[in-house]
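1. based on what follows, work out the 3D shape:
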Amino acid sequence: MQLITPKAFHPIFLFLVGVSGVFCALYGSLVLASLFVAYVLYGWYMPKCLEYLANQIDVRLVETTRAFRDDELAIPFALENRARFPLGKVTVSGLLGDQVRIDGAGSQFWRHHLFVGKNQIVPFEIDVIAAHRGTIRIQSFDVMISDPFHTMTVYLTLPIQQLGHVFPDFAPASVEWNERQIPGETVDRSSPFTDRSSFHSVVPYAGDAKTIYWSAYAKTSELYSYQYDRVRNHDYAVIIDGLSGDGLSLRSDFEKLLSRGATIIRELEKQGASYSLWISMVNRDGQWYHVPSGKGKEQFLRTMECLARLSEYDLPLERRYFMKRLQRAVPSTTAAIHLGHRQKEVSA
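-> Presented below is the predicted three-dimensional model:
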């Protein structure tokens, strides 16, 4: 909070005016003395009143905004006056980050003038256009209130910094339906999608030796085959490794990699699949960028927000440590979708 008053209301000047008022009351005009006393009282108590009113102001973000690039959006706020006195004209201003732009403006600075009464909540919005992927931040958020004669001003700086997210673009990518491999329909017996615990029915032998029901053959001397219902796999892990091949720096096409990840997440959402997100990055607090497995609209928003939160201030996670974490955390029955660098596997 910062209070700005003119030099005419400096305590020493007010003291001199008060002394002059006393002399006028004793030896001069009472009207002039009354004006001097009113001036002193106004200059002494009005700053305290403005500070009190500033402490009764609260501005909050009504809803976190989400958008894609070039979308028009309105960031909603609400200014609340808890005092029993009207504030009159209140100026709210700030400086937005580079993730959004103000249409028709040459800078990121914005300003609103509001008329606030006593015990009143006044809504207002900031109309912007999404410009770049990332977290929508506001670098400064100030509220300015003045006295009735606009001679004193109080500047109140608010702590609101994060307003929403701009999601990454969708790059060309596709995810085919991954059907669970069952006996008689796969050659790879070590597939994590194999389920040999139950079968639907028994049918005459169809020509695949892996589907033979040997117990029925032992009893009837006729060949029969298992028949299963084809069940689609609904568990995926989207893994984004943003490091280069040597593991010492980020890939030059990291933004494109995130866009491909966003496209895959969108396709998985359309399929109604369950999926998780794993990114080889940590933020400044040491927290790993990871979204647990889930599905539905809320899961889609969580994963897209995770992609939007990545910034130049984050640190890459060492690839060896990242792969160990994946081996321990990702279930073997989950279909892994790797984006970025993938180590070559050698099998005997």
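2. which residues touch residue 137?
-> 96, 97, 99, 161, 162, 163 (CB atoms under 8 Å, 6 or more residues apart in numbering). Every C-beta, even on glycine, is put in place using the N, C-alpha and C of the backbone.
3. and the closest residue in space to it that isn't next to it in sequence, backbone torsions?
-> Nearest non-adjacent residue to residue 137, counting by CB to CB, 6 or more residues apart in numbering: residue 97, 4.1 Å away. Taking degrees, to the nearest 10, you get phi -80, psi -180 for the backbone angles of residue 97.
4. surely residue 97 meets residue 108?
-> Yes - if you go by CB atoms under 8 Å, residue 97 and residue 108 touch, sitting 7.2 Å apart.
5. which neighbours do the two have in common?
-> Contacts common to residue 97 and residue 108, judged by CB under 8 Å, 6+ apart, are residue 139.
6. ok, back up a step: can you tell me which of the contacts of residue 137 comes closest to residue 86?
-> residue 163 (28.2 Å; CB to CB).
7. using PDB, write out the CA atom coordinates for the helix or strand harbouring that closest one.
-> Element membership of residue 163 [criterion: DSSP states H and E] is strand 162-167. Backbone C-alpha positions of strand 162-167 (Å, rounded to 0.1, in the frame of the first residue of the first chain) are rendered in PDB as follows:
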ATOM      1  CA  GLN A 162      -2.000 -16.500 -12.200                       C
ATOM      2  CA  LEU A 163      -5.200 -16.100 -14.200                       C
ATOM      3  CA  GLY A 164      -5.400 -19.200 -16.400                       C
ATOM      4  CA  HIS A 165      -3.800 -21.200 -19.100                       C
ATOM      5  CA  VAL A 166      -3.400 -21.100 -22.800                       C
ATOM      6  CA  PHE A 167      -3.300 -24.700 -24.100                       C
END
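8. what packs against it?
-> Applying 3 or more CB pairs under 8 Å, 6 or more residues apart in numbering; DSSP states H and E, one finds that strand 162-167 contacts strand 65-68, strand 72-81, strand 134-146, helix 297-309.
9. compare these and give me the one nearest residue 222.
-> With CB to CB as the measure, helix 297-309 is the member of the helices and strands packed on strand 162-167 nearest residue 222 (48.7 Å).
10. next SSE downstream of the closest one?
-> In N-to-C order, the element after helix 297-309 by DSSP H and E is strand 315-316.
11. what about the strands in the stretch 51-200 of the chain?
-> Listed in chain order, the strands found in the stretch 51-200 of the chain under DSSP state E, counting those that start in this stretch are 57-61, 65-68, 72-81, 88-96, 100-101, 109-116, 121-130, 134-146, 153-157, 162-167.
12. can you pull the contacts of the nearest residue to residue 55 once chain neighbours are set aside?
-> Nearest in space to residue 55, with sequence neighbours left out and distances taken as CB to CB, 6+ apart, is residue 1 at 8.0 Å. Listed by CB under 8 Å, 6+ apart, the contact partners of residue 1 are 51, 54, 55, 154, 155, 156, 157.
13. what does residue 302 give?
-> Here residue 302 is in contact with 291, 294 (criterion: CB under 8 Å, 6+ apart).
14. look up how far residue 63 lies from it.
-> According to CB to CB, to the nearest Å, residue 302 and residue 63 sit 16 Å apart.
15. same question for residue 286.
-> Residue 286 is 29 Å from residue 63, by CB to CB.
16. who has more neighbours out of these two?
-> residue 63 (11 against 7; other CB atoms under 10 Å).
17. my read: the more buried one touches residue 76, true?
-> Yes - Residue 63 is within contact range of residue 76, at 5.6 Å (criterion: CB under 8 Å).
18. returning to what we had before: give me the number of residues near the residue nearest to residue 137?
-> Residue 97, neighbours per other CB under 10 Å, totals 18.
19. now swap in residue 76 and tell me
-> Residue 76 has 16 nearby residues by other CB under 10 Å.
20. how much space between the residue lying closest to it once chain neighbours are set aside and residue 203?
-> Distances taken as CB to CB, 6+ apart place residue 62 nearest to residue 76, at 4.0 Å, with adjacent residues excluded. Distance of residue 62 to residue 203, given as CB to CB: 61 Å.
21. would you mark the buried spots in stretch 122-140?
-> 122, 124, 126, 128, 130, 131, 133, 134, 135, 136, 137, 138 (16 or more other CB atoms under 10 Å).
22. what's near enough to touch the fifth one?
-> Contacts for residue 130 (CB under 8 Å, 6+ apart) come out as 67, 68, 69, 70, 71, 72, 73, 99, 100, 166.
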